[in-house]
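> pasting the structure only:
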């Protein structure tokens with residue numbers, strides 16, 4: 001009897017998604033039917049693409065990655081030298097938009113993702129977590145501190161989602177035997193908070209960082225791996241401490257005891273040992289870029305080639321990489337390229353008297369927008385929308401655009417108030433240990449405190465120390 005093939009049915013859109021499709025199409029058509037004053041035809045078409053992207057990313061009318069590649073296709077068809085519409089001689093070639101799918105920042109993230117998947121494949125992440133947590137056992141508050149510190153450290157070099165899943169694999173057996181409901185909530189909350197905050201620390205920690213670095217590169221500004229860490233890690237550590245204080249104050253009474261059942265069994269096979277060496281050398285090269293001068297993006301490709309050539313990682317491992325995230329970042333980079341090439345950025349800047357805000361208030365507004373948007377939509381989508389415009393605003397009122405790019409990226413990592421805000425939050429919520437109201441209280445407290453530090457203190461700190 002012949003095998004019955006499974007039936008693959010199209011997912012029915014929700015009301016929000018259906019509304020997003022309708023609103024997105026209407027927004028897309030507006031610049032075609034209404035003449036936009038002082039905006040050239042290419043700029044009007046780019047405005048159509050930009051409005052469509054805003055609506056689709058906010059409502060998730062179609063998958064986020066689908067919107068990202070749609071942006072690239074529409075830019076090729078509407079504003080490139082191969083467009084279906086008349087364009088100026090200065091229009092970028094279609095390959096300039098397609099090239100964003102292999103932008104150097106994408107290559108950097110590719111290396112980071114492969115290392116993260118290798119760490120999971122050989123159990124390095126879980127074994128490291130078990131070893132590093134041992135000194136923090138006993139006191140509940142110290143256990144949470146250790147758990148948050150190790151989660152943040154891992155999420156600097158692994159995806160926040162993978163880090164969260166790894167740490168919950170360590171913690172869930174403990175949650176199941178804890179009798180104090182409030183302490184269970186605090187322990188479960190500590191992991192997504194630390195994963196979100198830890199991702200701020202390196203270029204490969206979270207997609208908004210890569211989006212900002214890619215956008216700055218289009219302005220001929222190179223931000224090295226170490227430079228990003230010097231800019232971001234001090235804020236990351238302070239926000240992490242704030243998160244710990246909030247969690248222990250609300251959920252972990254003094255005297256609470258938490259015992260973790262920790263075992264480590266490092267893989268000692270030849271493949272695992274080679275992976276350990278390659279991963280350690282890659283991180284070392286990333287952090288010493290000023291000494292050897294090899295770009296972090298080139299360094300990020302070295303483990304890809306080495307691990308595949310030695311068969312430590314295989315084609316099957318490549319299939320497991322987070323390709324949708326890479327393409328989502330590509331869409332954001334392409335959006336920035338199109339906004340600049342079409343003149344839309346200059347028109348947007350000229351439409352509002354941004355200079356009336358002043359440098360400090362502009363930074364405050366941008367940090368606030370990053371925090372607000374990333375609480376309700378994907379961090380990557382928020383960064384994709386805000387970074388291209390924000391860099392133009394910085395140029396318009398003589399604010400250092402590196403400051404603007406870093407502020408937006410870090411601000412977008414501070415949104416963690418809802419289960420939908422980030423994948424780590426969703427994983428934590430799915431354990432059933434966290435009520436939405438508690439996630440909102442902690443997420444807003446940490447996010448608002450972090451955004452205030454980011455807007456009012458960090459620019460002064462960076463410039464006082466001569467970092468920018």
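Thanks, I have the structure now. Values in this document were obtained by computation on a predicted structure and should not be read as measured data. Numbering: from 1, shown residues only.

> Am I right that residue 81 is in contact with residue 95?
No: at 9.4 Å, residue 81 does not count as touching residue 95 under the criterion of C-beta atoms under 8 Å. (Each C-beta comes from the backbone N, C-alpha and C, glycine too.)

> Would you state the helices of the stretch 101-250 of the chain in chain order?
Here the stretch 101-250 of the chain has its helices, by DSSP state H, counting those that start in this stretch, at 104-121, 124-133, 140-155, 160-175, 181-198, 207-218, 225-251.

> Turn these into TSV, including mean neighbour count.
Listed next are the helices of the stretch 101-250 of the chain as TSV, based on neighbours: other C-beta atoms under 10 Å:
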stretch	mean neighbour count
helix 104-121	23
helix 124-133	19
helix 140-155	24
helix 160-175	21
helix 181-198	26
helix 207-218	27
helix 225-251	20
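
> nearest to residue 430, of the ones you listed?
Of all these, helix 160-175 sits nearest to residue 430, with 9.3 Å by C-beta to C-beta.

> what comes into contact with that closest one?
Surrounding helix 160-175, the residues in contact under the criterion C-beta atoms under 8 Å, 6 or more residues apart in numbering are 116-117, 120, 125-126, 129-130, 133, 147, 150-151, 154-155, 158, 184, 187-188, 191-192, 195-196, 198-199, 205-206, 258-262, 422-424, 427-428, 431, 433.

> Would you mark the buried spots in the strand or helix carrying residue 22?
Per DSSP states H and E, residue 22 falls inside helix 15-33. Within helix 15-33, the residues scored as buried using 16 or more other C-beta atoms under 10 Å are 17, 20-21, 23-24, 27-28, 31.

> Relative to residue 334, which of those is nearest.
Using C-beta to C-beta, those come closest to residue 334 at residue 28, 16.5 Å.

> Could you report the separation of the residue nearest to that closest one when sequence neighbours are not counted from residue 43?
Among residues not flanking residue 28 along the chain, residue 52 sits closest, at 4.2 Å (C-beta to C-beta, 6 or more residues apart in numbering). Distance of residue 52 to residue 43, computed by C-beta to C-beta, to the nearest Å: 15 Å.

> what's the answer for residue 204, then?
Note on residue 204: its distance to residue 43, by C-beta to C-beta, is 34 Å.

> next one: residue 273
Separation of residue 273 from residue 43 (C-beta to C-beta) stands at 56 Å.

> and if you look at residue 378?
Taken as C-beta to C-beta, the span from residue 378 to residue 43 is 27 Å.

> just residue 400 next, same as before
In this view, residue 400 and residue 43 are 26 Å apart by C-beta to C-beta.

> what about the two, which has more around it?
The neighbour comparison of residue 400 against residue 43 (other C-beta atoms under 10 Å) goes to residue 43, with 23 against 17.
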